[in-house]
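A.B. asks: The following block contains a protein sequence and its predicted model.
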Amino acid sequence: MSGVRLDRWLWAARFFKTRAQAKAAVEGGKVDYHLQPREDSATSRPKVSKEVNVGDYLTIRRGWTEETIVIDALSDTRGNAASARVLYSETSRSIERRETEVARRRMERAGLTVPASRPSGRDRRQIRKLTEES
């Protein structure tokens, strides 16, 4: 197999439930195509009919997450989840960035935010006052 249409591959790799959803994501700019890792190459917005090959990089945005993956195998038929998982591998940088983003969102949901700078003297006095009262 020399190449597979991008929408068929995304569907076969189970990134989207239907080919129509995969097509809409590609046309909507949710999928970027690279020949090399993202840091080294320019990003291009592919067409739905773009043929992907082994070794190509894709950046896929779904909801809050963004994944950069490497295509390891080609398939144009949808199989079970285990067979779909062998079609790609996620880059280590993408995993790290995704986990950091998940942790940040959890903190924000709990009401915690990472300060932009060190606390001032006034801030430290207020923190000390709050902790002494507790």
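C.D. replies: Received the coordinates, thanks.
A.B. asks: Would you mark the buried spots in the helix of greatest length in the chain?
C.D. replies: Longest helix in the chain, counting residues (DSSP state H): helix 92-109. Neighbour-count burial for helix 92-109 flags 94, 98 (criterion: 16 or more other CB atoms under 10 Å). For every residue, glycine as well, the C-beta is placed using N, CA and C.
A.B. asks: hmm, who's touching that helix?
C.D. replies: Residues outside helix 92-109 that contact it (CB atoms under 8 Å, 6 or more residues apart in numbering): 64-69, 113-114.
A.B. asks: at 10 Å instead, please
C.D. replies: Surrounding helix 92-109, the residues in contact under the criterion CB atoms under 10 Å, 6 or more residues apart in numbering are 37-39, 57, 59-60, 64-70, 90-91, 112-114.
A.B. asks: Now do it, average pLDDT.
C.D. replies: Helix 92-109 shows a mean pLDDT of 90.
A.B. asks: Let's see that helix as PDB, backbone CA atoms only.
C.D. replies: What follows is helix 92-109, C-alpha atoms only, in PDB (Å, rounded to 0.1, in the frame of the first residue of the first chain):
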ATOM      1  CA  SER A  92       7.100  12.300  23.700                       C
ATOM      2  CA  ARG A  93       7.000  16.000  23.500                       C
ATOM      3  CA  SER A  94       3.200  15.800  22.700                       C
ATOM      4  CA  ILE A  95       2.600  13.500  25.600                       C
ATOM      5  CA  GLU A  96       4.500  15.800  28.000                       C
ATOM      6  CA  ARG A  97       2.600  18.900  26.700                       C
ATOM      7  CA  ARG A  98      -0.800  17.200  26.900                       C
ATOM      8  CA  GLU A  99      -0.200  16.000  30.500                       C
ATOM      9  CA  THR A 100       1.000  19.500  31.600                       C
ATOM     10  CA  GLU A 101      -2.200  21.000  30.100                       C
ATOM     11  CA  VAL A 102      -4.400  18.400  31.900                       C
ATOM     12  CA  ALA A 103      -2.700  19.200  35.200                       C
ATOM     13  CA  ARG A 104      -3.100  23.000  34.700                       C
ATOM     14  CA  ARG A 105      -6.800  22.600  33.900                       C
ATOM     15  CA  ARG A 106      -7.300  20.400  37.100                       C
ATOM     16  CA  MET A 107      -5.700  23.200  39.200                       C
ATOM     17  CA  GLU A 108      -7.800  25.900  37.600                       C
ATOM     18  CA  ARG A 109     -10.900  23.800  38.200                       C
END
